[in-house]
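Student: okay, here's the prediction I keep looking at, along with the sequence it came from:
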Amino acid sequence: MKRNRSSLAVGVLVSLLGVSACGGPAEGGPPRLRVEVIGSSPHDPRAFTQGLEVVDGVRYESTGMWGVSTARTADQATGAETARVELPKEMFGEGMTRAGDTVWQITWKDGVAIARDPVTLAETRRAAYEGEGWGLCAQADRLIMSDGTATLTFRDPVTFAETGSVTVTGYDGPKPNELDCAPDGTVYANNYPTDEILRIDPATGRVLAVIEAGGLLSPAERAGTDVLNGIAHLPGTDRFLITGKYWPRLFEVRFVPK
């Protein structure tokens with residue numbers, strides 16, 4: 001019965017996103033959606049959020065900044081933290097994703113990807129890569145990584161070796177940051193440094209939709225924070241979690257037509 005409910009919810013998500021992508025933008029640009037807030041919960045205002053993901057009821061989050069970068073997990077149902085580890089002081093944490101029995105966390109300019117135990121977050125090994133590391137998400141057979149440009153790089157989920165790439169097109173000046181691999185095969189990306197989220201077809205790089213996510217925090221809450229960053233699909237639903245760097249709140253949302 002649980003499997004049936006999950007399958008139905010995922011089907012609704014795929015259907016909704018498909019309709020959104022075909023909704024017809026003005027003058028041929030990607031359609032624009034808006035955020036519908038379902039609810040919110042507290043978020044660590046000291047967390048410079050770089051990666052956000054929910055897998056099997058566990059919320060994975062990566063944070064940045066030199067000397068205070070972390071990898072952490074929490075129970076998605078209660079919000080209670082279940083594990084936290086610190087990166088070496090000289091490393092700046094970036095995106096993080098779970099691929100099978102491995103959690104991969106990348107770093108900004110260190111050229112190092114850290115493989116972690118999915119429960120304890122203890123480091124198990126490292127892999128090297130060229131260029132900057134920004135966002136990271138996992139599909140069934142590959143990882144997708146952003147690097148501060150319009151390029152998305154595909155990587156082997158076991159070795160972290162590069163297997164290909166695609167250039168994001170169809171929108172002026174895309175700069176994918178934190179990534180989320182949705183169950184319908186598309187990728188959602190915070191468009192740095194804006195309040196936009198891009199829905200991207202990783203097969204072609206085409207931007208399928210632009211979600212406007214501004215105004216989530218009140219002016220008082222927004223003071224002292226940084227950009228929108230952090231997006232995670234909630235498995236079995238049509239909802240997502242979104243937050244930002246130093247944001248005091250985590251929002252549960254849907255993406256709906258304007």
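Tutor: Looks like it came in fine.

Student: rest of the way, CA atoms for contacts and neighbours
Tutor: Noted.

Student: now tell me what touches stretch 86-94 from outside.
Tutor: Applying Cα atoms under 8 Å, 6 or more residues apart in numbering, the external contacts of stretch 86-94 come out as 50-51, 62-71, 105-110, 133-135.

Student: redo that, cut-off 10 Å
Tutor: 48-51, 61-72, 105-114, 121-123, 132-136, 177-178 (Cα atoms under 10 Å, 6 or more residues apart in numbering).

Student: element containing Ala220?
Tutor: Secondary structure assignment for Ala220, by DSSP states H and E: helix 219-222.

Student: isn't Asn177 up against Gly148?
Tutor: Yes - the pair Asn177 / Gly148 is scored as a contact, 6.6 Å apart, by Cα atoms under 10 Å.

Student: in stretch 51-71, what counts as buried?
Tutor: 51-54, 58-65, 68-71 (16 or more other Cα atoms under 10 Å).

Student: can you dump the C-alpha atoms of the helix holding Ala220 in PDB for me?
Tutor: Extracted C-alpha coordinates of helix 219-222, given in PDB (Å, rounded to 0.1, in the frame of the first residue of the first chain):
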ATOM      1  CA  PRO A 219      12.400  42.100   5.400                       C
ATOM      2  CA  ALA A 220      13.400  41.600   9.100                       C
ATOM      3  CA  GLU A 221      14.300  37.900   8.400                       C
ATOM      4  CA  ARG A 222      16.100  38.700   5.200                       C
END
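
Student: now the element after that helix, going C-ward?
Tutor: With DSSP H and E, the next secondary element past helix 219-222 is strand 228-233.

Student: just checking, what packs against that next one?
Tutor: strand 49-55, strand 58-63, strand 176-181, strand 187-191, strand 196-200, strand 240-244, strand 249-257 (3 or more Cα pairs under 10 Å, 6 or more residues apart in numbering; DSSP states H and E).

Student: flag every buried residue along stretch 179-198.
Tutor: Buried residues in stretch 179-198 (16+ other Cα under 10 Å): 179-183, 186-192, 195-198.

Student: related to what we said a few turns ago, reformat the helices and strands packed on strand 228-233 as TSV; add mean pLDDT and distance to Leu152.
Tutor: TSV is the format used below for the helices and strands packed on strand 228-233 (pLDDT from 0 to 100; distance: least, Cα to Cα, whole Å):
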stretch	mean pLDDT	distance to Leu152
strand 49-55	98	16
strand 58-63	98	19
strand 176-181	98	8
strand 187-191	98	10
strand 196-200	98	10
strand 240-244	98	21
strand 249-257	98	23
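
Student: residues in contact with stretch 215-227?
Tutor: Under Cα under 10 Å, 6+ apart, the answer for stretch 215-227 is 35-37, 45-46, 48-49, 190-195, 228, 242-251.

Student: which of those residues are buried?
Tutor: 35-37, 45, 48-49, 190-192, 195, 228, 242-251.

Student: list the residues that contact Val68.
Tutor: Arg46, Ala47, Phe48, Glu86, Leu87, Pro88, Lys89, Glu90, Met91, Phe92, Gly93.

Student: same check, this time on Gly57
Tutor: With Cα under 10 Å, 6+ apart, Gly57 has these contacts: Ala74, Asp75, Gln76, Ala77, Thr78, Leu234, Pro235.

Student: separation between the first one and Gly244?
Tutor: So that's Ala74. In this structure, Ala74 and Gly244 are 17 Å apart, going by Cα to Cα, to the nearest Å.
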